[in-house]
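**Student:** structure for the following, please:
(4 chains)
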Protein chains: 2
Amino acid sequence: MEASGKQRPTMADVAAKAGVSRALVSIIFRGRPGASQETRERVLRVADEIGYHPDSAARLLARGRSRTLGVMFTVHQTFHSDLIAGIYPEAERLGYDVLLSAATHGRGEAKAVEALLSHRCEAVILLGSGAEAAYFDELARRAVTVSVSRRTPQAHVDFVHSAEGKGVRQAMDYLVELGHRRIVHIDGGRGPGSAERRRAYRAAMRRHGLEAEVRVIPGEHTEESGIDTGRLLLAERDRGLPLPTAVLAGNDRCAWGLLMTLTRAGVDVPGDLSVVGYDDSHLSHLMPIGLTTVRQDAVLMAEHAVRFAVERLEHEGAEPREAVLDPKLVVRGTSGPPPGGSA
Amino acid sequence: MEASGKQRPTMADVAAKAGVSRALVSIIFRGRPGASQETRERVLRVADEIGYHPDSAARLLARGRSRTLGVMFTVHQTFHSDLIAGIYPEAERLGYDVLLSAATHGRGEAKAVEALLSHRCEAVILLGSGAEAAYFDELARRAVTVSVSRRTPQAHVDFVHSAEGKGVRQAMDYLVELGHRRIVHIDGGRGPGSAERRRAYRAAMRRHGLEAEVRVIPGEHTEESGIDTGRLLLAERDRGLPLPTAVLAGNDRCAWGLLMTLTRAGVDVPGDLSVVGYDDSHLSHLMPIGLTTVRQDAVLMAEHAVRFAVERLEHEGAEPREAVLDPKLVVRGTSGPPPGGSA
DNA sequence: GCGCGCTACTAGCGCGCTCTAGTGCGAGTA
DNA sequence: TACTCGCACTAGAGCGCGCTAGTAGCGCGC
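**Tutor:** Coordinates of the predicted model:
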């Protein structure tokens, strides 16, 4: 057990010790027919004894295919964690390996993706990528590419996202029905889905005859953004302006920041103001009074993404596809009728 | 651009097109001396033209060393995100690649680690592992192993963690000095560092002559745990029992859940009750009034972990080491004097 | 002219595995 | 007996690289 004498045993070691050929060991480890039951058991036992574990790198090099999916995600994006949790089981079910690479501050998406590609991922699944169509296309030339959440219609890759419009519409209809009129939207800037959500918000307001009340506050998909907006609204209130009666946040993280800020300042949610999020990331049902939010089913989205990738890999020449999942409004504790029964 | 004609170009392609040998291309891509400036530029240009990118799998197989660090983390653990963000730059600085593998519900640590190992990671960095000493030892035989946050003294691996005792002591001294006496601790169950924190809490209470007030509420390092505790305390209050004046949570996530629950129920933090977290994960300064917490410097911890791994890899036979970083109490908005000036 | 050192480059083996094209052998068939 | 067939197993090429041990060519000193 010296610190660094870690000579990994190889197939040849197993073969020698079991008194068979290397090829047979390979057959056995791949679970192919062509070995008798006894030999199979003996070889596996020997392998276990000497601590043999197959080497993916060599395996992956030897067969042309790597059967590996690369996933690019952004650190601290809670919804990405939900997606990752859904990707693993589906990939495993289909016999694929998963490699993760994170984009962080100082390590851009491109770098994260490059790492995946250089490890021979056959397909890349991008979670909430902020890249442009040209980049998607370039990527598509190198590997099967699936973009989750971010839709860039021009690009020649698979997309999985939810029908942002429908989600927003449900939320808006719900709020209006409760009597809200002063409904503000914090948008997600260049974040995935933001443009569609913003557009749907505007459309819904118009449809309900509330165009005069339309107000989009620029934001991001971060807690900071919600906090900033909270401060902004409180400052306005202190200057005598009325608070909105409902806020549709860009995503759950933003809603959360807003909620914290307002609640701490004594604003009663949902008594004084309703807050609706977007994503239904695992945080939202954790909030003590659950967050009313538009649910994107992370597991379903993850499964679609994996399946798209695998199908494109296994059936050559398939055209890129798009999965548009129906989001669903989940009413929890942060929403209710506006103060005074109507705005 | 057919969907799946992705024949990656190889070194041989570059060599042929540039009219040099494969070996020279290799030299150039490794940045070794032995090629003239012009040839270097020409080859790189050609490589770029045909879209050549080196293949890690082959590279890794060819040189014995993979120069790859594997990182096992748990999905949804915010602090792990902070650590990951710190690991990348340090690894890159030292010329190492990083592979991530997540443990999720249904995909245990062992599985996540196995994936890393099979991709030939030379070292494994475990973030907040819940494994036992025996597992660490077995792992240590297969690869250099560094455990972050979780300390298991018996095991023959490197450890990076913070001086839990010191951190808790600082927090407790601070609270007591403010006049708190009814200080409750929500522990982290089997979570990393919990045992030490619990012990330190008890010791501090005793040292301040408050053993009669010692109260440890069993918990976990999750938001749920904080929420549950919050409900428990509120229920007690409703039955006429006094609230504690301060709560030392197991980590920030737990503190957060508690904070949400209490705040929503109208408890004034820090007026009625102070809350202190642990970790200083990026959430804590995001809370509208920042969370008073014990700061573990994620970046520093990450750097230590990477350096430990690399040093063990490059200097054979080095003995396992332990880095104990000093945590530091960060006083923000969730703590203050107890109601009435003293408990 | 010769050996010397230096730079610029090449030949070819081997990393640990997969996979195609086999070989040997006993049972079944005519 | 001669043959085919199927099963259990093996030989060996090759995946894309890294790397050691070279070679070719050139300027230099004597």
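**Student:** pretty sure residue A:73 sits in a strand.
**Tutor:** Yes. According to DSSP: H, G, I helix; E, B strand; the rest coil, residue A:73 belongs to a strand.
**Student:** stretch A:43-53 close to chain B?
**Tutor:** Yes. Stretch A:43-53 is in contact with chain B by C-beta under 8 Å from any C-beta of the partner chain, via A:51, A:53. From N, CA and C alone the C-beta is placed, and that goes for glycine too.
**Student:** what sits up against that stretch?
**Tutor:** Stretch A:43-53 has contacts (C-beta atoms under 8 Å, 6 or more residues apart in numbering or on different chains) with A:8-11, A:13-14, A:17-18, A:20, A:24-25, A:28-29, A:35, B:114, B:117-118, B:141-142.
**Student:** so which of those are in helices?
**Tutor:** A:11, A:13-14, A:17-18, A:24-25, A:28-29, B:114, B:117-118, B:141-142 (DSSP state H).
**Student:** which of those count as buried?
**Tutor:** When the ones in helices among the contacts of stretch A:43-53 are checked for burial by 16 or more other C-beta atoms under 10 Å in any protein chain shown, the buried set is A:11, A:13, A:14, A:17, A:18, A:24, A:25, A:28, A:29, B:117, B:118, B:142.
**Student:** and stretch A:269-286, C-alpha only, in PDB?
**Tutor:** The C-alpha coordinates for stretch A:269-286 follow below in PDB (Å, rounded to 0.1, in the frame of the first residue of the first chain):
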ATOM      1  CA  VAL A 269     -46.900  37.700   1.200                       C
ATOM      2  CA  PRO A 270     -49.400  36.900  -0.100                       C
ATOM      3  CA  GLY A 271     -51.600  39.300   1.800                       C
ATOM      4  CA  ASP A 272     -50.100  42.500   0.400                       C
ATOM      5  CA  LEU A 273     -48.400  41.000  -2.600                       C
ATOM      6  CA  SER A 274     -48.300  37.700  -4.400                       C
ATOM      7  CA  VAL A 275     -45.100  36.200  -5.800                       C
ATOM      8  CA  VAL A 276     -45.000  33.700  -8.500                       C
ATOM      9  CA  GLY A 277     -41.800  32.000  -9.600                       C
ATOM     10  CA  TYR A 278     -40.700  29.800 -12.500                       C
ATOM     11  CA  ASP A 279     -39.000  26.400 -12.600                       C
ATOM     12  CA  ASP A 280     -40.300  24.600  -9.500                       C
ATOM     13  CA  SER A 281     -36.700  23.900  -8.600                       C
ATOM     14  CA  HIS A 282     -36.500  21.800  -5.500                       C
ATOM     15  CA  LEU A 283     -36.200  24.900  -3.400                       C
ATOM     16  CA  SER A 284     -39.700  26.000  -4.100                       C
ATOM     17  CA  HIS A 285     -41.500  23.400  -2.100                       C
ATOM     18  CA  LEU A 286     -39.000  23.800   0.600                       C
END
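**Student:** residue A:284 and residue A:277 touch, don't they?
**Tutor:** Yes. When contacts are counted by C-beta atoms under 8 Å, residue A:284 is listed as touching residue A:277 (6.0 Å).
**Student:** shared neighbours of those two, anything?
**Tutor:** Common neighbours of residue A:284 and residue A:277, counting by C-beta under 8 Å, 6+ apart, are A:252, A:255, A:291, A:293.
**Student:** kindly reformat those residues as JSON lines containing distance to DNA strand D, pLDDT and neighbour count.
**Tutor:** As requested, the shared contacts of residue A:284 and residue A:277 are exported to JSON lines (distance: C-beta to the nearest atom of the strand, whole Å; pLDDT from 0 to 100; neighbours: other C-beta atoms under 10 Å in any protein chain shown):
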{"residue": "A:252", "distance to DNA strand D": "42", "pLDDT": "93", "neighbour count": "28"}
{"residue": "A:255", "distance to DNA strand D": "46", "pLDDT": "94", "neighbour count": "30"}
{"residue": "A:291", "distance to DNA strand D": "48", "pLDDT": "92", "neighbour count": "27"}
{"residue": "A:293", "distance to DNA strand D": "46", "pLDDT": "96", "neighbour count": "31"}
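**Student:** returning to what we had before: and residue A:284 and residue A:277? Which one has more around it.
**Tutor:** Neighbour totals were compared for residue A:284 and residue A:277, and residue A:277 leads with 32 against 25 (other C-beta atoms under 10 Å in any protein chain shown).
**Student:** after the helix or strand in which that one is found, which helix or strand is next?
**Tutor:** Element membership of residue A:277 [criterion: DSSP states H and E] is strand A:274-279. Next along the chain after strand A:274-279, taking DSSP H and E as the criterion, comes strand A:292-295.
**Student:** parallel or antiparallel, which strands does that next one pair with?
**Tutor:** Its sheet considered, strand A:292-295 pairs with strand A:274-279 (parallel), strand A:328-330 (antiparallel) by DSSP bridges.
**Student:** and among the ones you listed, the most buried is which?
**Tutor:** Ranked by average neighbour count under the criterion mean count of other C-beta atoms under 10 Å in any protein chain shown, the strands paired with strand A:292-295 are headed by strand A:274-279 at a mean of 29.
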